[in-house]
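> Quick one, what's the 3D model for this:
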Amino acid sequence: MKVVTYTHRRWHMVSLYSVMHFIVDFACAFLIFRNIAGTSDGYLCVLLYNFCAFALQMPLGILADKWNRNYLFAIIGCLVVGMAYGLWQVPVAAAVIIGIGNGMFHIGGGFDVLNISEDKSGALGVFVSPGAFGYFCQRVMAVRAGRRRFAHALVNRNKKGETMSRGLFSALALSLALTLVLVVLAHCSNVLYREDRS
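Next up, the predicted model:
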């Protein structure tokens, strides 16, 4: 019989949040760089995304401190990132919404990881690094796909105009749904960790 220690539960939660961090950042980079950056408002959209994803973390963090439900902040962030895919044809709105969702996920997940890190930085490093890897993987895919192949893979032209291909949308929706499940599992792991500590 395997004994589960506090350390195992803590790293279980950190691992789950790390996987989610990869998925969320990959999804954000995918929408921004593969679909929005090439539009006529591309520069504005990238600027708005970065502002909402990073500068808004300060007021969102204050709100999260008052609410004190970190895992819910992470869940809502994932939902908001998913909502942005529904607005991909309105680039400015999609960039703002996906930026806010990204910021909310980082605050919720980051706070949970900080809360269980016991004044050490290892857990935070494990949480942060997959997000950067998610951005990197998306950029590598974009470079390899090339402009023409990317356009054919992302957009399916028909008589009604341009729509995101069903396969692509389904894959991203499934990834974000998986992320939500992982957030819930990470929260459950954190609850067990806190109960065992008390």
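> My guess is Leu124 contacts Val113. True?
Yes. Between Leu124 and Val113 there is a contact at 5.8 Å, judged by CB atoms under 8 Å. All C-beta spots, glycine's among them, are computed from the backbone N, C-alpha and C.
> and those two? which has more neighbours close in?
The neighbour count for Leu124 versus Val113, taken as other CB atoms under 10 Å, is higher for Val113 (24 against 14).
> shouldn't that one be in contact with Gly125?
No. The criterion here is CB under 8 Å, and Val113 misses it with Gly125 at 9.7 Å.
> first vs last residue of stretch 110-121, how far apart are they?
Start-to-end span of stretch 110-121 (CA to CA, to the nearest Å) is 12 Å.
> Give me the buried stretch members for it, please.
110-113, 116-117 (16 or more other CB atoms under 10 Å).
> Tabulate those (JSON lines), appending distance to Ala132, pLDDT and secondary structure.
Formatted as JSON lines, the buried residues of stretch 110-121 follow (distance: CB to CB, whole Å; pLDDT from 0 to 100; DSSP: H, G, I helix; E, B strand; the rest coil):
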{"residue": "Gly110", "distance to Ala132": "14", "pLDDT": "89", "secondary structure": "helix"}
{"residue": "Phe111", "distance to Ala132": "19", "pLDDT": "89", "secondary structure": "helix"}
{"residue": "Asp112", "distance to Ala132": "19", "pLDDT": "86", "secondary structure": "helix"}
{"residue": "Val113", "distance to Ala132": "15", "pLDDT": "87", "secondary structure": "helix"}
{"residue": "Ile116", "distance to Ala132": "21", "pLDDT": "82", "secondary structure": "coil"}
{"residue": "Ser117", "distance to Ala132": "19", "pLDDT": "80", "secondary structure": "coil"}
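> Pull the most distant pair out of these.
Gly110 and Ile116 (11.5 Å; CB to CB).
> can you list the buried residues of stretch 110-121 in a markdown table and add distance to Val80?
Formatted as a markdown table, these follow (distance: CB to CB, whole Å):
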| residue | distance to Val80 |
| --- | --- |
| Gly110 | 16 |
| Phe111 | 17 |
| Asp112 | 18 |
| Val113 | 20 |
| Ile116 | 24 |
| Ser117 | 26 |
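> Out of those residues, which comes closest to Val19?
Val113 (12.7 Å).
> got a list of what that closest one touches?
13-14, 17, 123-124, 127 (CB atoms under 8 Å, 6 or more residues apart in numbering).
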